[in-house]
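*Asks:* Take this sequence and fold it.
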Amino acid sequence: MPIYEYECQSCREVIEKWQGLAEQPLTTCPSCAGTLKKIISQSSFQLKGGGWYADGYSSNGGAAKKCSSSSADTSSSSSSAAPSCGKTGSCGCC
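*Replies:* Numbering: from 1, shown residues only. Prediction:
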């Protein structure tokens with residue numbers, strides 16, 4: 001069952017209430033009988049670790065990790081040398 005938060009429009013008290021999805025939202029403040037408004041609070045859900053998102057869908061995952069520019073090659077006189085990945089501008093390292 002989710003926890004919903006309500007704020008009273010009169011006394012500004014914030015109330016937390018465990019409610020089922022089919023239950024009607026609260027409308028009256030139990031302290032002052034004022035009007036309640038449902039507020040959106042911060043979720044406790046967090047993605048941690050490697051997981052599918054970091055490995056397959058992030059902008060710096062996958063091929064971008066394998067790509068490295070030729071910054072160690074300083075003897076080259078051409079400043080427009082192709083990166084070591086062989087791609088020009090189509091990956092994260094270019």
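*Asks:* which intervals of this protein have sub-threshold pLDDT?
*Replies:* Scanning the chain for pLDDT under 70 picks out the ranges 49-94.
*Asks:* do that again at 50, thanks
*Replies:* 62-65, 69-78 (pLDDT under 50).
*Asks:* any chance you could map the strands in it?
*Replies:* Under the criterion DSSP state E, the chain carries strands at the ranges 3-8, 14-18, 36-39.
*Asks:* Tell me which of those strands sits nearest to Cys29.
*Replies:* Closest approach to Cys29 among the strands of the chain (C-beta to C-beta): strand 3-8, 4.0 Å. Heads up, the C-betas are built off the backbone N, CA and C, glycines and all.
*Asks:* Okay, angle between the closest one and strand 14-18 too, please.
*Replies:* Put simply, strand 3-8 runs at 150 degrees to strand 14-18, going by axes from the mean of the first three to the mean of the last three C-alpha atoms, to 10 degrees.
*Asks:* Counting by contacts, list what strand 3-8 packs against.
*Replies:* strand 14-18, strand 36-39 (3 or more C-beta pairs under 8 Å, 6 or more residues apart in numbering; DSSP states H and E).
*Asks:* Serialize the ones you listed to TSV and add fields for distance to Tyr4 and mean neighbour count.
*Replies:* Formatted as TSV, these follow (distance: least, C-beta to C-beta, whole Å; neighbours: other C-beta atoms under 10 Å):
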stretch	distance to Tyr4	mean neighbour count
strand 14-18	5	12
strand 36-39	6	14
